[in-house]
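Peer 1: what follows is a predicted structure for the sequence shown.
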Amino acid sequence: MAATARTKLPVVKALVDRHKGDQVLVIGGYIDLPEAAVAIQVSGTFGSRQEEAQRLGRVLRPKADGRQAHFYTVVSRDTIDTEYAAHRQRFLAEQGYAYTIVDADDVLGPKLPSVD
């Protein structure tokens, strides 16, 4: 259910747009990761720490051209998704990974007022 939250789609689109020209991988479930500089995870299995660490490790491998890698996890606020993400975040922080939490508004940019 968390993978299909409609609120995630605009965030994923904005992140993909931000990385135009890069190889971007959007992860929604089970997927074998090719080399990518950007991974966007929209769902994880019950907060599986190993799954996320594997995905992160794959994306963070050094790139032949020296590009910096980016790994995003899109989480819907006020859902079980939030609890799962917090579980995975604690594990990654314990492993020494830096973690930055960014609100969807920061990714999507300012919203224009609607004209009725």
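Peer 2: Sure thing, it's come through.
Peer 1: what's stretch 43-60 in contact with?
Peer 2: Outside of stretch 43-60, the residues within contact range by CB atoms under 8 Å, 6 or more residues apart in numbering are 2-3, 25, 27-29, 33, 36-39, 41, 69-71, 73, 81, 83-88, 91-92, 95, 97. Every residue, glycine included, has its C-beta placed from N, CA and C.
Peer 1: what's the local residue count around Val38?
Peer 2: Applying other CB atoms under 10 Å, we find 20 other residues in the vicinity of Val38.
Peer 1: touching, it and His70? I think so.
Peer 2: Yes: taking contacts as CB atoms under 8 Å, Val38 lies within contact range of His70: 4.7 Å.
Peer 1: could you look up the SS state of the closest residue in space to Ala85 that isn't next to it in sequence?
Peer 2: Spatial nearest neighbour of Ala85, chain neighbours left out: Val75 (4.4 Å); criterion: CB to CB, 6 or more residues apart in numbering. Here Val75 is recorded as coil under DSSP: H, G, I helix; E, B strand; the rest coil.
Peer 1: ok so, going back, take the contacts of stretch 43-60 and keep only those in helices.
Peer 2: 81, 83-88, 91-92 (DSSP state H).
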